[in-house]
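> coords below, sequence missing:
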């Protein structure tokens, strides 16, 4: 496969779970890099989880508010909540921070950021 064919391969991938997973990883990793986020995860895991869900589904909450729909409508899709919660758990509570170390590798981080950016533009 040549380099110019890589975007074509990604365009044929299904949106779920690859692109959603990349979006959740990028969102929760950005949350963990904020000052004090790790301390909050130790003191109050529920608050940390809720903050992670707002990072992952913030666009859905805002669009629901602007369209006069319930802002918690994103909770109806249990599969996406379970996937985002799994990513949150791995980012904050994986032993020896292995998950974060894996995605701190620059080429993988750039790939995840690029895929997550594609998700944001497709919404």
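Yep, it's here. Since we're looking at a predicted model, the values are computed, not measured. Residues are numbered from 1 along each chain as shown.
> and the residue nearest to residue 80 when sequence neighbours are not counted, which of the three is it?
Nearest residue to residue 80, sequence neighbours excluded (CB to CB, 6 or more residues apart in numbering): residue 20, at 6.5 Å. Just so you know, the C-beta spots here come from the backbone N, C-alpha and C atoms, and that holds for glycine as well. Here residue 20 is recorded as helix under DSSP: H, G, I helix; E, B strand; the rest coil.
> And for the lengthiest helix in the chain, what's in contact with it?
What stands out as the longest helix in the chain, according to DSSP state H, is helix 45-66. Helix 45-66 has contacts (CB atoms under 8 Å, 6 or more residues apart in numbering) with 23-24, 27-28, 30-31, 37, 40-41, 70-74, 80-81, 84-85, 87-88, 91-92, 120, 123.
> From residue 86, how far off is the nearest residue to residue 108 once chain neighbours are set aside?
Closest residue to residue 108 apart from its sequence neighbours, by CB to CB, 6+ apart: residue 102 at 6.9 Å. Relative to residue 86, residue 102 is positioned 15 Å away (CB to CB, to the nearest Å).
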